[in-house]
Every structure is written in structure tokens, then in C-alpha cells.
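> sequence first, then the predicted structure, then my questions.
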Amino acid sequence: MISRVHPRGRRVAGLLRYLYGPGRREEHRHPRLVAAWDGAGDLQAFEPRITSSGKRDFRRLVSLLEEPVRRIEKPPKRYVWHTSMRLAPEDRDRSFSDETWGHMAREMLREIGLATPADDQGLRWVVVRHGNDHVHIVATLVREDGRINWLKNDYPRTVAATYNVARRYGLHRVVAPADRTAHRRPGAAEQNKAARHGRRETPRDELRRRVRMAAAGAATETEFFARLRDAGLLVRLRHSTTSPDQVTGYAAGMPGVLTAAGTPVYYSGGKLAADLTLPKLRLRWGRPTRRSAPVVGRAERVTAFADARRVVRAAAEEVRLTAKLAPDRAQAAALAASDVLAALAYAVEGNSRGALLRASEMFDRAARNVGGRVVQHTPRSYELRAMSRLVALMGRVSGDDDTLAALALVMELARFGDALEHLREAQQRLHQATAARSAAAALRAAVDGQGLQPADGPVPTPTAGPTMTGRRRVNHGR
């Protein structure tokens with residue numbers, strides 16, 4: 001079951017006319033009331049009847065819903081709350097009665113605090129059903145006792161309540177509650193503008209990816225800004241108003257992406273993702289590490305990948321062991337492992353959006369903490385961060401030997417994805433568990449299907465070493 005909270009409105013009559021009309025795509029079939037607030041009485045008494053002119057009369061229903069609003073002196077400007085509950089496509093063959101739909105809507109409203117017992121002078125609401133697969137809920141946010149219920153955080157609460165209802169009624173598809181770990185998505189205007197200019201993705205999405213790669217390979221903010229500029233991005237720093245020498249934030253832009261006035265479009269780190277603000281990046285980098293620039297050659301690159309593989313393997317085992325006992329330690333390792341994969345994706349694929357980069361984006365979604373929060377570093381996360389920077393310093397993969405070493409590191413990161421899925425399932429963060437499972441599968445598919453394409457040619461077929469079959473690891477020769 002899928003729920004959606006619509007923008008709040010200021011006209012009950014207009015919304016009811018829309019719900020009893022044909023809908024935007026003729027989806028409003030056989031509209032009728034199936035539930036109302038406790039104490040409302042007989043539903044048939046205020047069901048909008050069809051007059052002799054062929055139109056419905058909504059005056060009685062609108063008057064009942066708006067009565068508490070008209071009693072108070074200063075009602076809120078947008079007091080009409082509207083949400084919908086819809087069966088997923090795989091559940092469309094289920095047939096629920098009007099009474100059952102009314103019970104499901106009432107249970108959801110009770111969980112979010114909107115439906116109250118008859119002896120509580122709460123909100124007034126009604127449920128309008130369309131066809132067999134969905135209902136709409138309309139409520140006015142002024143209680144009968146004159147108080148206003150602002151329904152704060154109504155979206156996550158509604159999704160969580162719908163999830164519980166769907167599980168109780170045995171539906172095949174239940175949408176997990178929001179976990180506040182997804183990045184901010186571009187709006188319709190950004191997507192349309194990107195399409196007009198022939199871009200495969202919006203500037204916001206491309207900037208997010210490239211900023212993540214720069215952050216994964218940097219150890220300090222000075223190095224981070226240098227990497228952004230070296231990648232050809234526009235960088236604008238924000239300085240403190242009291243201490244002009246102190247940098248408090250940044251914004252990045254794509255060359256050639258301009259506003260209508262011809263000025264560059266900049267996105268701050270927080271507009272790209274919650275964990276890409278400068279203060280959170282500083283926490284993510286931890287204490288600065290002093291590492292001289294290494295000698296970069298094929299042998300050194302192979303050694304670096306082997307070191308990273310060893311650290312990732314140990315970190316995966318630690319995540320499995322600490323998933324329930326010390327989730328913050330596991331979280332620190334997950335975020336650092338995401339940096340390792342981002343650095344490796346750039347070393348193999350550069351700025352092209354290949355299989356490794358797509359897997360890296362899913363891995364990042366699974367590794368991100370709620371609200372972009374950064375936990376305290378651990379010795380293991382410091383090790384992983386050092387490996388991330390080392391992989392970035394090694395430069396682009398270009399030959400057979402270092403490509404095979406990169407493949408082995410990819411397989412270890414897939415194994416880390418399995419451990420990350422175990423962590424998120426233990427935390428009941430099901431969206432992230434799905435992202436971790438998808439990332440691990442994408443990493444294995446990239447190796448098995450030869451999806452990795454380094455700069456100097458395709459990946460050679462490995463002749464030895466670990467291979468992955470489904471979710472099970474098989475080591476040949478052992």
C-alpha cells in the first residue's frame with residue numbers, strides 16, 4: 001500500500017468537487033463516503049446528493065467539516081489536510097469492502113493522532129473511496145474545541161502508519177517508513193531544464209557525484225577545494241561575518257549552467273546531500289593525515305589495492321559483529337567504506353557514469369546516516385579513510401595487473417555490502433537495507449559481466465581468485 005500526503009489547501013468545497021469529479025485521468029470511479037469522524041452519525045445523511053440539475057450538492061458536508069474552523073477568530077490559512085491511500089499494482093487483485101477501507105483509513109489516522117474517540121473533541125474528517133484500489137482522506141485541522149492540530153511531520157508519520165496497516169492486512173507490497181537518508185532530489189523545473197539542454201542528468205545530480213568523489217579522495221578542506229577546481233567545477237566559499245578568514249561553507253557549480261540572467265548556478269553542499277556540508281565533511285575527514293605523495297606505478301597501484309582489500313575485509317567482519325552491539329562503530333566504517341568505493345569508481349571509470357559509479361551511488365545511499373549525521377571516527381574508519389585517499393592518489397587504472405587487483409577490491413566491497421545490509425536490517429532501516437543489497441548485487445554483476453571499463457581498455461577475464469555466485473562466495477582451490 002502506498003500513501004501520499006498532498007499539499008494543504010484552504011477550500012474544502014473545491015477539494016470535494018474534485019474528488020467527486022472525474023479526476024485528472026478519469027480515475028475517480030464511483031466516488032462515495034466510506035468513513036467519517038467519530039460522532040458524525042449516518043454517512044448517508046451527508047453524502048453529497050445529485051440535484052435535479054445533475055450536479056452534486058456539497059453544502060451540508062462542507063458546512064459540517066468547516067464548522068470548527070468558522071468558530072475561531074484566526075484559523076490557519078491552509079487548514080485543509082488531504083492524503084490518499086492506494087493499493088500497489090501487485091495488490092490490485094485484492095477486493096476490500098467499503099467497511100474494510102474505512103477501517104484501514106481509521107487505523108492509519110488513529111496512529112498519526114488525527115482520528116480520536118467520540119468523547120474527544122478532535123478533528124473532523126471523511127474518507128472518499130474511488131473504484132476498488134484507493135481512498136482519499138479530507139480533514140480540517142481545527143479541533144471542535146477550538147484548538148489547532150498542526151500535524152507536524154505528517155509525511156513520515158503517515159508513511160509509517162500506512163506501512164503498519166498494510167502489514168496487518170497482509171498486503172504483498174508494503175512501503176517502508178521514510179528514514180531521512182535519501183538525498184534531496186531535483187525538482188521538475190531542474191529536470192525539464194536538463195532535458196531541454198540535452199543533459200542525461202541534472203546539474204545537481206552530476207555535482208553531487210563529483211563532489212562526493214572529491215571528498216572521498218581528500219584529507220583536508222584545502223585539498224577538497226583543490227580537487228573540485230581541478231575537476232573543472234566552479235567553487236564559491238562562504239566566509240564568517242565575524243572572522244573573515246574563517247571558511248564556514250561552500251557552493252559548487254557546473255561550467256555553462258546559467259540562470260536566466262546569465263549568472264552561474266551554484267548549489268551549496270547541503271543542497272546536494274545532507275552529509276556534504278562543510279562542517280560534516282570536516283567531521284568525516286577526522287584528524288588530518290600527513291602522507292607524502294606516493295610514487296605511482298603499476299606495482300604500487302596493485303599494492304595499494306591489496307592493502308585496501310585487506311582493510312575492507314576486516315571492516316566487513318567488524319560491521320557484522322557490531323551491528324547490534326555498537327551500531328555507531330559500524331556506521332563510521334560504512335561511511336568510510338563508501339568513500340573507498342567512490343575513489344575506486346573514479347580510478348576505474350573517471351567521470352563516465354559506468355557500472356561501478358552506479359553501484360557507488362547505491363552504496364552511498366545505504367551507508368549514509370539519518371539526517372546526514374556523522375558519528376565519531378573509530379580506528380577502523382580511519383584505516384578505511386586512509387585507504388580511500390590512497391586509492392585516489394594512485395590515479396587511474398590502466399593495465400591488466402592493477403585491473404585484476406581492482407576487481408578483487410570490488411569483490412571485497414560487495415562483501416561489505418552484504419554486511420551493510422545486515423546492519424540496516426538490524427536497525428529496521430529497510431530502504432537502506434534494499435540499497436545495500438542492490439549495491440552488492442551491482443558490484444558482483446559489474447565483475448561477472450565485465451562491466452568495468454578502465455581508461456585503456458576492457459577488463460581482462462580473471463583466471464583465478466574469488467568469484468561470486470548469487471549471495472554465496474566460492475573460493476576456487478580451497
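Happy to help now that I have it. Residues are numbered from 1 along each chain as shown.
> and the strands in the stretch 251-400 of the chain?
Applying DSSP state E, counting those that start in this stretch to the stretch 251-400 of the chain gives strands spanning 264-268.
> quick one: the helices in it, in order.
With DSSP state H, counting those that start in this stretch as the criterion, the stretch 251-400 of the chain has helices at 269-272, 278-285, 298-322, 327-349, 355-367, 379-393, 400-426.
> so the closest residue to V375 other than its chain neighbours versus R368, what's the distance?
Among residues not flanking V375 along the chain, D328 sits closest, at 4.5 Å (C-beta to C-beta, 6 or more residues apart in numbering). Backbone N, C-alpha and C define where each C-beta goes, glycine included. Going from D328 to R368 by C-beta to C-beta, to the nearest Å gives 14 Å.
> one step back: and the helices of the stretch 251-400 of the chain, which is most packed in?
helix 327-349 (a mean of 26; mean count of other C-beta atoms under 10 Å).
> report the inter-axis angle for it versus helix 355-367.
Taking axes from the mean of the first three to the mean of the last three C-alpha atoms, to 10 degrees, helix 327-349 and helix 355-367 form an angle of 170 degrees between their directions.
> and helix 327-349, average pLDDT?
The average pLDDT within helix 327-349 is 92.
> next: stretch 57-77.
Here the average pLDDT along stretch 57-77 is 93.
> likewise for stretch 276-288?
86.
> ok, the spatially most central residue of the chain to L151 distance?
Of all residues in the chain, the one closest to the mean position by C-alpha atoms, centre = their mean is A182, 2.0 Å from it. According to C-beta to C-beta, A182 and L151 sit 22 Å apart.
> where does the stretch 251-400 of the chain have low pLDDT?
288-296, 399 (pLDDT under 70).
> swap the cut-off to 50 and go again
In the predicted model, the stretch 251-400 of the chain carries no residue with pLDDT under 50.
> now the stretch 101-250 of the chain
Under the criterion pLDDT under 50, no range of the stretch 101-250 of the chain is flagged.
> now do the helices in it.
Counting by DSSP H, counting those that start in this stretch, the helices of the stretch 101-250 of the chain are 154-168, 188-196, 203-217, 221-230.
> out of those helices, deepest packed?
Stretch with highest mean neighbour count among the helices of the stretch 101-250 of the chain: helix 203-217 (a mean of 23; mean count of other C-beta under 10 Å).
> other SSEs contacting it?
For helix 203-217, the contact count by 3 or more C-beta pairs under 8 Å, 6 or more residues apart in numbering; DSSP states H and E identifies helix 188-196, helix 221-230, strand 247-258, strand 264-268, helix 269-272, helix 327-349, helix 355-367, helix 379-393 as packing neighbours.
> out of the ones you listed, flag the one nearest G23.
helix 188-196 (20.4 Å; C-beta to C-beta).
> who's in contact with that closest one?
P186, E201, T202, P203, R204 (C-beta atoms under 8 Å, 6 or more residues apart in numbering).
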